[in-house]
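*Asks:* Give me the fold of what follows.
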Amino acid sequence: MTKQNVVLDPKSGINVTLAMAMSKSSSILTMAAQKPPAAPSGCITISRKKRVSNIEINGEERINSWLDSMKASSPTHIKATPLADRDPGSFIVRHPSALDKFEQIIEASMGKKIVMFLDYDGTLSPIVDDPDRAFMSEDMRKTVKKLAKCFPTAIVTGRCRDKVYDFVRLAELYYAGSHGMDIKGPAKGSKHKKGSSVLFQPASEYLPMIDEVFKLLVEKTKSTSGAQVENNKFCVSVHFRRVDEKIWCELAEQVKSVLKEYPKLRLTQGRKVLEIRPTIKWDKGKALEFLLESLGFANSTDVFPVYIGDDRTDEDAFKVLRDRGQGFGILVSKFPKETSASYSLQEPSEVMDFLQRLVQWKRLHRQSGV
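*Replies:* Residues are numbered from 1 along each chain as shown. Predicted coordinates for the structure are as follows:
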């Protein structure tokens with residue numbers, strides 16, 4: 001039986017609302033309006049000059065570049081040898097298990113305020129063929145709920161904020177959807193309040209364009225079996241998890257034909273997904289910085305951010321932590337990758353183990369009064 005396309009659209013959320021933005025964010029957005037910023041490393045920029053990774057090339061070469069990038073984002077093209085079975089002088093030594101080095105992480109955090117940042121797909125939930133069924137387990141939900149009672153906790157994801165909230169259903173968390181372009185959370189302790197919550201949407205002006213591109217991509221990709229187009233409010237995701245690799249070229253061509261008319265949008269990639277986003281200088285790393293400032297930790301030397309994620313888009317946050325010299329990034333992967341993270345975990349079950357150990361340590365820490 002031929003698989004039909006599935007169109008995913010978020011539930012209606014709060015309409016174009018922009019909360020008080022931090023001064024640093026405001027200056028970034030002002031500069032973005034004056035001059036389009038260079039695309040972050042690793043993304044594919046679609047412009048009228050037809051540039052890919054800052055190299056002018058023609059149509060066929062560009063599609064080949066897209067295909068290479070699509071393959072690179074697919075775990076099936078990574079040599080399938082688990083980290084534990086690899087040469088001890090390679091990835092696992094440079095990025096040791098966060099479980100094995102738990103005491104080392106705790107020692108580094110002593111005297112500081114831990115703030116937790118978590119990706120969703122592949123971190124709190126397993127990667128599944130149907131992205132609309134990426135449910136987290138009840139045990140994971142209970143663990144995250146306990147975590148949020150111990151530390152300020154945010155979920156930072158490429159998904160639509162409303163959809164991830166439906167998956168998680170924990171009101172005590174901060175949610176940064178659409179790669180940080182749609183942030184909402186409890187106002188308690190936040191410098192950026194909008195009524196009873198904090199809300200920040202730096203790409204609101206792009207909403208009509210995103211909706212337009214979403215509809216065009218739905219129509220353009222409907223002939224590609226297994227393709228799924230998801231409207232994540234401030235970005236559009238084209239999933240190719242269920243698309244036969246033999247027709248990836250066809251899908252790349254379809255996406256290209258739509259995006260060539262939208263120079264204000266750029267293409268980035270995650271695990272078997274093409275993601276279309278505004279060209280503003282905003283990503284998961286900027287979302288992490290915004291949330292830290294919102295919580296009053298912008299210039300604090302007493303904060304210890306921990307970011308856990310599995311995707312290429314999480315690298316922006318890992319780099320921020322490395323540049324700040326505060327906290328650690330933890331990559332979730334069974335296979336070696338180029339990463340700015342300091343530690344690694346292999347799968348969501350290990351993430352849950354790590355979070356549970358953090359909760360247990362915090363409770364003992366409180367009881368001891370140290």
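
*Asks:* check which helix or strand covers Val198.
*Replies:* Per DSSP states H and E: Val198 is located in strand 197-200.

*Asks:* what's the average pLDDT for that strand?
*Replies:* Strand 197-200 shows a mean pLDDT of 78.

*Asks:* Angles on the backbone of Glu350, please.
*Replies:* As for Glu350, its main-chain torsions (degrees, to the nearest 10) stand at phi -70, psi -30.

*Asks:* Neighbours of the nearest residue to it once chain neighbours are set aside, how many?
*Replies:* Spatial nearest neighbour of Glu350, chain neighbours left out: Leu99 (6.3 Å); criterion: Cβ to Cβ, 6 or more residues apart in numbering. C-beta here means a position set from N, CA and C on the backbone, and glycine is covered the same way. Each residue near Leu99 was counted by other Cβ atoms under 10 Å, and the total is 17.

*Asks:* quick one: contacts for Leu99?
*Replies:* Leu345, Glu350, Asp353, Phe354, Arg357 (Cβ atoms under 8 Å, 6 or more residues apart in numbering).

*Asks:* The third one: which element?
*Replies:* Following DSSP H and E, the helix or strand that holds Asp353 is helix 348-368.

*Asks:* on that earlier part again, and the pLDDT for the residue nearest to Glu350?
*Replies:* Leu99 is assigned 98 on the pLDDT scale.

*Asks:* Same check on Val16?
*Replies:* pLDDT for Val16: 32.

*Asks:* Kindly report the domain assignment for the protein.
*Replies:* What the TED database lists as the domains of the chain is 87-201+282-368, 205-278.

*Asks:* just to revisit the earlier point, looking at the contacts of Leu99, state which has the most neighbours.
*Replies:* Leu345 (25 neighbours).

*Asks:* correct me, but it touches Asp100?
*Replies:* No: here Leu345 lies out of contact with Asp100, judged by Cβ atoms under 8 Å, at a distance of 10.1 Å.

*Asks:* For the residue nearest to Glu350, what are phi and psi?
*Replies:* phi -70, psi -40.

*Asks:* Next, find the distance separating it from Glu347.
*Replies:* Counting by Cβ to Cβ, to the nearest Å, the separation of Leu99 from Glu347 is 12 Å.

*Asks:* shared neighbours of those two, which are they?
*Replies:* The contact lists of Leu99 and Glu347 share no entry, where a contact means Cβ under 8 Å, 6+ apart.

*Asks:* What is the three-state secondary structure of Ala317?
*Replies:* Here Ala317 is recorded as helix under DSSP: H, G, I helix; E, B strand; the rest coil.

*Asks:* and it, what is it in contact with?
*Replies:* The neighbourhood of Ala317, defined by Cβ under 8 Å, 6+ apart, consists of Phe117, Val156, Asp283, Lys284, Gly285, Ala287, Leu288, Tyr307, Gly309, Gly329.

*Asks:* just the strands in the stretch 151-300 of the chain please.
*Replies:* With strands called from DSSP state E, counting those that start in this stretch, the stretch 151-300 of the chain shows them at 153-156, 174-177, 182-186, 197-200, 228-231, 236-239, 265-270, 273-278.

*Asks:* Can you pull up the most central residue in this structure?
*Replies:* Thr157 (3.9 Å; Cα atoms, centre = their mean).

*Asks:* in terms of contact, does it touch Tyr174 like I think?
*Replies:* No: the criterion here is Cβ under 8 Å, and Thr157 misses it with Tyr174 at 11.4 Å.

*Asks:* Excluding chain neighbours, what is closest to Val332?
*Replies:* Once flanking residues are discounted, Val332 sits nearest to Asp310: 3.8 Å by Cβ to Cβ, 6+ apart.

*Asks:* go on, His239?
*Replies:* Take His239 and drop its neighbours on the chain: the residue closest to it by Cβ to Cβ, 6+ apart is Gln228, 4.1 Å away.

*Asks:* ok, Pro152 to Leu267 distance?
*Replies:* Computed as Cβ to Cβ, the Pro152 to Leu267 distance reads 33 Å.

*Asks:* Between these two, which is the more surrounded one?
*Replies:* Shown here are Pro152 and Leu267; by other Cβ under 10 Å, Pro152 has more neighbours (26 against 21).

*Asks:* so the more buried one makes contact with Glu172?
*Replies:* No: under the criterion of Cβ under 8 Å, Pro152 is not in contact with Glu172, lying 9.5 Å apart.

*Asks:* which SS state does the closest residue to His95 other than its chain neighbours fall under?
*Replies:* Closest residue to His95 apart from its sequence neighbours, by Cβ to Cβ, 6+ apart: Ser344 at 4.4 Å. Secondary structure, three-state DSSP: Ser344 is strand.

*Asks:* what about Ser344, neighbour count?
*Replies:* 27.

*Asks:* isn't it right up against Arg94?
*Replies:* No: contact criterion Cβ under 8 Å: Ser344 and Arg94 do not qualify, at 9.1 Å.

*Asks:* Find me the pLDDT at the closest residue in space to Lys334 that isn't next to it in sequence, would you?
*Replies:* Closest residue to Lys334 in three dimensions, ignoring its sequence neighbours and counting by Cβ to Cβ, 6+ apart: Gln346, at 4.9 Å. At Gln346, the model reports a pLDDT of 96.

*Asks:* Kindly report the same for Lys337.
*Replies:* At Lys337, pLDDT is 88.

*Asks:* Quick one: low-confidence residue ranges for the stretch 251-370 of the chain.
*Replies:* 367-370 (pLDDT under 70).

*Asks:* let's see it at 90
*Replies:* By pLDDT under 90, the low-scoring segments of the stretch 251-370 of the chain are 268-273, 281, 294-300, 335, 337, 365-370.

*Asks:* before we move on, back to that, name the helices or strands packed onto the strand holding Val198?
*Replies:* Packing partners of strand 197-200 (3 or more Cβ pairs under 8 Å, 6 or more residues apart in numbering; DSSP states H and E): strand 182-186, helix 284-294.
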